[in-house]
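Q: Test case, fold it:
(one chain, ligands or ions: 2)
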Amino acid sequence: MAVSDHVDLPTFMEGVKKRNPYQPEFVQAVQEVAEDIFEFIQDKEEYHAQQILRRIAEPDRVVSFRVCWEDDNGNVRVQRGWRVQNNNAIGPYKGGIRFHPSVTESVLKFLAFEQTFKNALTGLPMGGGKGGSNFNPKGKSVREIMRFCQSFMTELYRHIGADVDVPAGDIGVGGREIGFMFGQYKRITNNFTGVLTGKGLEWGGSLIRTEATGYGAVYFLANMLATKSEDLIGKTAVISGSGNVATHAAEKIVQLGGKVLTLSDSGGYIHDPDGIDQEKINWVKSHKTHRRGRIEEYVEAFPKATFVAGKTPWGVPCDVALPCATQNELLGDDARTLIANGCKAVAEGANMPTDLDGVHVFKAARILYAPGKASNAGGVAVSGLEMSQNSERRSWREDELQQMLKDIMAGIHKSCLTYGDQGGGYIDYVKGANIGGFKKVADAMLAFGVV
Ligand code: NDP
Ligand code: 2IT
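A: Residues are numbered from 1 along each chain as shown. Ligands and ions are numbered 1, 2, ... in the order given. Below you'll find the predicted structure:
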């Protein structure tokens, strides 16, 4: 037999660890996918001979660069920026930009790897990428954020393009930051193209892009519940985070008749036993997004709620849970607590919020558990629709886009059933999403030969 990755899973993972020292998040993401893919490709010699998984787990390129900017006091500040272009077998690289002090090459490599499978699942022609910086937007003035975004784009512009790589937002990057970066791209290149998504509606953005990730996650959750002939009416939901994804997931839960009990930020969580209704969600949106406040101030505005400092909300009994903040925010013991408290379904709004132990706990309990690459794909899906609208030089109507988002989430759910239905009423959504995403990218790579 030719030299191939016909090795066992532990040997394959040893190689991944050796080639990516000090990159635990990346190794974790590869391990979670490899557990399912090894089983799937067992009898598929071509995938082995062509080393497909090994190649997807080696980014096409990682660009790292210095970002210098001046703060309001005239001090020179230096940050590191990256763009990880993981795989463009099925379309231009596509994925968000994250500004957070915890950003490292490992974090961005895990996100770009996950994005490759997620984007394939949407059915749209998008490869996987991710970028960002260890810049901390907290406590910075708007002018400082503008200067940082301009400096970041002054290098990034060389590596992106409407048919090359199309970034968008992620943690710490919303409409305002996309505006600053798009303005700088346009200034440097003199080109008005759809090089970023999540743009403002006046300058090429798409309706419902802002809402799409959170709404999509809840549509996915509703699809999962429907397999058990259930819906969200009267169900209690525990949500973490209080940013773009968390607040829009909360909004859609409320619209579909559920009751949201918690939201959180890096300081702790709030528990509102009366339910966080639309008016309260609007307060959170304005407080967190526009005023960059802390979630603990919620209890001053709504005194029946309580704030628990330094903790995640997974101990609050609920029917459904949506981790919507960040990676590894729901650990094995949290998963055990959720199940002991009767939680029936978990839909990830964040990327890799559940650690490997937690994933194994949810799988063993055979609950409805959707990994982020399936359930949070609504955001990038509407980004893909924004790219289509930019190419057509027109804007679609809100009702058209709402329907497309629902259809895409239902389509992803169906792909998960294709490869994840284990019989006896249990669907392994992790396996379904991993294999569904892998197969599309792998088959494109086979067509291209050894490149
Ligand atoms: P935002 O910046 O809007 O909000 C992030 C939220 O998560 C804030 O409440 C923040 O709290 C909290 N958070 C961030 N980092 C940490 C941390 N290390 N520990 C505890 N809490 C933290 O980001 P988004 O809502 O856009 O993103 C949330 C998640 O969803 C991320 O995993 C992202 O990758 C994923 N995602 C986002 C998509 C999008 O379209 N925006 C699409 C698909 C996935 P604080 O304010 O205290 O920092
Ligand atoms: O993780 C994600 O899917 C995103 N942050 C959105 C990426 C995008 O290109 O819209």
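Q: and the host helix or strand of Asp443, how far from the chain's centre?
A: In this assignment (DSSP states H and E), Asp443 forms part of helix 429-448. Relative to the chain's own centre, helix 429-448 is displaced by 18 Å; criterion: Cα atoms, centre = their mean, to the nearest Å.
Q: Do it and ligand 2 come into contact?
A: No: on the criterion Cβ under 6 Å from any ligand atom, helix 429-448 is out of touch with ligand 2, staying 12.7 Å away. Yep, even glycine has a C-beta here, placed from its N, CA and C like the rest.
Q: which other helices and strands contact that helix?
A: helix 24-41, helix 45-49, helix 52-56, helix 105-121, strand 368-370, helix 372-375, helix 398-420 (3 or more Cβ pairs under 8 Å, 6 or more residues apart in numbering; DSSP states H and E).
Q: Deepest in the core, which of those is it.
A: Mean neighbours per residue, mean count of other Cβ atoms under 10 Å, is largest over the helices and strands packed on helix 429-448 for helix 372-375, with a mean of 30.
Q: Export that one to CSV, keeping only CA atoms.
A: This file holds the C-alpha atoms of helix 372-375, laid out as CSV (Å, rounded to 0.1, in the frame of the first residue of the first chain):
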residue,chain,number,x,y,z
GLY,A,372,-21.9,25.1,16.4
LYS,A,373,-20.8,24.2,12.9
ALA,A,374,-24.4,23.2,12.2
SER,A,375,-26.6,25.4,14.4
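Q: Would you mark the buried spots in the next helix or strand after it?
A: Heading C-terminal from helix 372-375, the first helix or strand you meet, by DSSP H and E, is helix 378-392. Using 16 or more other Cβ atoms under 10 Å as the test for burial, helix 378-392 gives Gly378, Gly379, Val380, Ala381, Val382, Ser383, Gly384, Leu385, Glu386, Met387, Gln389, Asn390.
Q: In contact with the second one, which residues are there?
A: By Cβ atoms under 8 Å, 6 or more residues apart in numbering, Gly379 lies in contact with Ala168, Arg209, Ala212, Thr213, Gly216, Val245.
Q: Among those residues, which one lies nearest to ligand 2?
A: Ala168 (3.4 Å; Cβ to the nearest ligand atom).
Q: picking that back up, got a markdown table for the buried residues of helix 378-392, with pLDDT and distance to Ile41 too?
A: Converted to a markdown table, the buried residues of helix 378-392 look like this (pLDDT from 0 to 100; distance: Cβ to Cβ, whole Å):
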| residue | pLDDT | distance to Ile41 |
| --- | --- | --- |
| Gly378 | 98 | 29 |
| Gly379 | 98 | 29 |
| Val380 | 99 | 26 |
| Ala381 | 99 | 27 |
| Val382 | 98 | 32 |
| Ser383 | 98 | 30 |
| Gly384 | 98 | 27 |
| Leu385 | 98 | 32 |
| Glu386 | 98 | 34 |
| Met387 | 98 | 31 |
| Gln389 | 98 | 37 |
| Asn390 | 98 | 37 |
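Q: picking that back up, out of the contacts of Gly379, which touch ligand 2?
A: Okay, of the contacts of Gly379 touching ligand 2 (Cβ under 6 Å from any ligand atom), that's Ala168.
Q: out of the contacts of Gly379, which are inside strands?
A: Residues of the contacts of Gly379 located in strands (DSSP state E): Ala168.
Q: Quick check: the two most widely separated of the contacts of Gly379?
A: Using Cβ to Cβ, the two most remote members of the contacts of Gly379 are Ala168 and Gly216, lying 14.2 Å apart.
Q: So those two - more neighbours on which side?
A: Set side by side, Ala168 and Gly216 show more neighbours around Gly216, with 32 against 23, by other Cβ atoms under 10 Å.
Q: what about the more buried one, distance to Ile408?
A: Gly216 sits at a distance of 8 Å from Ile408 (criterion: Cβ to Cβ, to the nearest Å).
Q: who touches both of these two?
A: Ala377, Gly378, Ala381.
Q: Throw those into TSV and include distance to ligand 1, thanks.
A: Putting those into TSV (distance: Cβ to the nearest ligand atom, whole Å) gives the following:
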residue	distance to ligand 1
Ala377	7
Gly378	8
Ala381	10
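Q: just curious, which of these is nearest to Asn191?
A: If you rank the shared contacts of Gly216 and Ile408 by distance to Asn191 using Cβ to Cβ, Ala381 comes first, at 25.3 Å.
Q: My guess is that closest one contacts Ile408. True?
A: Yes: with contact defined as Cβ atoms under 8 Å, Ala381 and Ile408 form a contacting pair (4.6 Å).
Q: who touches both of those two?
A: Thr122, Leu124, Gly216.
Q: Turn those into JSON lines, columns for distance to Glu230 and pLDDT.
A: Output for the shared contacts of Ala381 and Ile408, formatted as JSON lines (distance: Cβ to Cβ, whole Å; pLDDT from 0 to 100):
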{"residue": "Thr122", "distance to Glu230": "26", "pLDDT": "98"}
{"residue": "Leu124", "distance to Glu230": "29", "pLDDT": "98"}
{"residue": "Gly216", "distance to Glu230": "19", "pLDDT": "98"}
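Q: is it possible to export the residues you listed to JSON lines including distance to Leu401?
A: Shown next, in JSON lines, are those (distance: Cβ to Cβ, whole Å):
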{"residue": "Thr122", "distance to Leu401": "14"}
{"residue": "Leu124", "distance to Leu401": "13"}
{"residue": "Gly216", "distance to Leu401": "12"}
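Q: where does the closest residue in space to Gly315 that isn't next to it in sequence land on pLDDT?
A: Once flanking residues are discounted, Gly315 sits nearest to Thr337: 5.6 Å by Cβ to Cβ, 6 or more residues apart in numbering. pLDDT for Thr337: 98.
Q: could I get the host helix or strand of Thr337 in CSV with only the CA atoms?
A: Of the helices and strands defined by DSSP H and E, Thr337 is found in helix 332-340. Only the C-alpha atoms of helix 332-340 are listed here, as CSV (Å, rounded to 0.1, in the frame of the first residue of the first chain):
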residue,chain,number,x,y,z
GLY,A,332,-18.0,18.2,31.1
ASP,A,333,-19.5,18.9,34.6
ASP,A,334,-21.7,21.6,33.2
ALA,A,335,-23.0,19.1,30.7
ARG,A,336,-23.7,16.6,33.4
THR,A,337,-25.5,19.3,35.5
LEU,A,338,-27.7,20.3,32.5
ILE,A,339,-28.7,16.6,31.9
ALA,A,340,-29.3,16.0,35.6
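Q: Hmm, Asp36 is touching Gly437, no?
A: No: look at Asp36 against Gly437 with Cβ under 8 Å: they stay out of range, at 10.2 Å.
Q: Leaving out chain neighbours, which residue sits closest to Gly204?
A: The nearest residue in space to Gly204 (Cβ to Cβ, 6+ apart) is Asn390, at 5.5 Å.
Q: Which residues are in contact with that neighbour?
A: Residues near Asn390 by Cβ under 8 Å, 6+ apart: Ala162, Thr193, Gly194, Gly204.
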